[in-house]
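Participant: turn this into a structure:
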Amino acid sequence: MASIFLQGALVGLAVAAPVGPIGLLCIRRTLRDGRLVGLATGMGAATADGLYGLVAATGLAISGLLISHGDQMRLFGGLLILYLGISTFRRGLNDLPHDPANAPPSHAPLRAYGTTFLLTLANPATILSFIGMISGLSKGAESAPGAAYWLVFGVFCGSAVWWLFLVTMTALVRGLISDLIMRIIDVASGGLLILWGAWMMWQALQTFLI
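Facilitator: Residues are numbered from 1 along each chain as shown. Predicted structure coming up:
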C-alpha cells in the first residue's frame with residue numbers, strides 16, 4: 001500500500017505544483033491576509049483534487065457526467081476567476097494600510113477555502129488525469145483491497161504538502177512587503193486573473209458558438 005500511496009502523492013504534487021490561478025490566489029492571499037487564509041486557499045484545491053480522484057478511483061458514473069458538462073463548468077470557473085480578478089485589481093487601486101502584514105484580513109479562511117474548492121471543481125478535465133493514473137497501476141496493485149482509497153489519500157496529501165510549502169515560503173517574505181509593493185502585486189495578480197478568467201470563458205463559449 002505504501003507504493004500506491006506514494007504514487008498518488010507524487011501525482012497530487014505534480015497536479016498542484018504548476019502555478020496557475022489557484023497558486024496565484026494562494027500567494028496573494030498569504031501576503032495580504034496571512035498564513036491561515038493562504039493555507040485555507042490551498043486546502044480548498046487539495047480537497048477538490050481528492051474528491052475528483054475519489055470519483056475516478058471508484059469508477060462512479062458521475063465522472064462521465066462531469067466531463068460531458070465540462071464547458072459549462074469551465075464557464076462558471078472563468079466567471080468566478082474574472083470576479084476575483086476584478087476585485088483584486090480594484091483593491092490594488094485603493095489606499096491600503098501602511099503595513100499590510102498588520103492589515104485586517106479581507107478573506108475569512110472558510111471563504112478562501114470555498115472559492116478555491118469551487119474553482120478546482122470547475123475543471124473536470126482533472127478527472128481524466130486521475131483515470132489515466134489509476135489505469136497505470138499494476139494489475140496486482142489495482143486489485144488490492146482499498147488500493148483506490150490509498151491512491152486518493154496520496155493525491156490529497158501530495159497536493160496538501162505543496163500548498164503548505166508554498167504558503168510557508170510566501171509567509172517568510174510577508175513582513176518585507178511594503179504598501180507600494182503590495183498594491184503592485186494586487187494590480188498585477190488581478191490583471192492576470194482577469195486574463196485567465198476571460199480565456200477560460202472564451203474556451204468554454206467556443207463550443208456553443210461553433
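
Participant: what helix or strand does Gly78 sit in?
Facilitator: helix 70-93 (DSSP states H and E).

Participant: could you pull out the buried residues of the helix or strand just after that helix?
Facilitator: Downstream of helix 70-93, the next assigned helix or strand under DSSP H and E is helix 109-121. Neighbour counts over helix 109-121 (16 or more other CB atoms under 10 Å) mark 109, 112-113, 115-117, 119-121 as buried. (C-beta placed from N, C-alpha, C; glycine too.)

Participant: so what does helix 109-121 touch, helix or strand wise?
Facilitator: helix 21-33, helix 35-57, helix 70-93 (3 or more CB pairs under 8 Å, 6 or more residues apart in numbering; DSSP states H and E).

Participant: follow-up on the earlier one: mind putting the buried residues of helix 109-121 in TSV, distance to Leu54 and pLDDT included?
Facilitator: Shown next, in TSV, are the buried residues of helix 109-121 (distance: CB to CB, whole Å; pLDDT from 0 to 100):
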residue	distance to Leu54	pLDDT
Pro109	23	90
Ala112	23	92
Tyr113	18	95
Thr115	21	92
Thr116	18	92
Phe117	14	93
Leu119	18	88
Thr120	14	86
Leu121	12	84
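
Participant: run a quick neighbour tally on the nearest residue to Gly154 once chain neighbours are set aside.
Facilitator: Ranked by CB to CB, 6 or more residues apart in numbering and with sequence neighbours excluded, the top spatial neighbour of Gly154 is Gly8, at 2.4 Å. Counted by other CB atoms under 10 Å, the residues lying close to Gly8 total 30.

Participant: sorry, back to before: could you dump the buried residues of helix 109-121 into JSON lines with distance to Gly146 added?
Facilitator: Converted to JSON lines, those look like this (distance: CB to CB, whole Å):
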{"residue": "Pro109", "distance to Gly146": "31"}
{"residue": "Ala112", "distance to Gly146": "32"}
{"residue": "Tyr113", "distance to Gly146": "27"}
{"residue": "Thr115", "distance to Gly146": "32"}
{"residue": "Thr116", "distance to Gly146": "28"}
{"residue": "Phe117", "distance to Gly146": "25"}
{"residue": "Leu119", "distance to Gly146": "30"}
{"residue": "Thr120", "distance to Gly146": "25"}
{"residue": "Leu121", "distance to Gly146": "25"}
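
Participant: out of those, which is nearest to Ala17?
Facilitator: Looking at the buried residues of helix 109-121 and their distance to Ala17, the nearest is Thr120, at 14.0 Å (CB to CB).

Participant: OK, contacts around the closest one?
Facilitator: By CB atoms under 8 Å, 6 or more residues apart in numbering, the contact set of Thr120 is 22, 44-45, 48-49, 52, 126.

Participant: what angle do the helix or strand where the residue nearest to Gly154 lies and helix 21-33 make?
Facilitator: Element membership for Gly8 (DSSP H and E) is helix 2-16. Here helix 2-16 points in a direction 80 degrees away from that of helix 21-33 (axes from the mean of the first three to the mean of the last three CA atoms, to 10 degrees).
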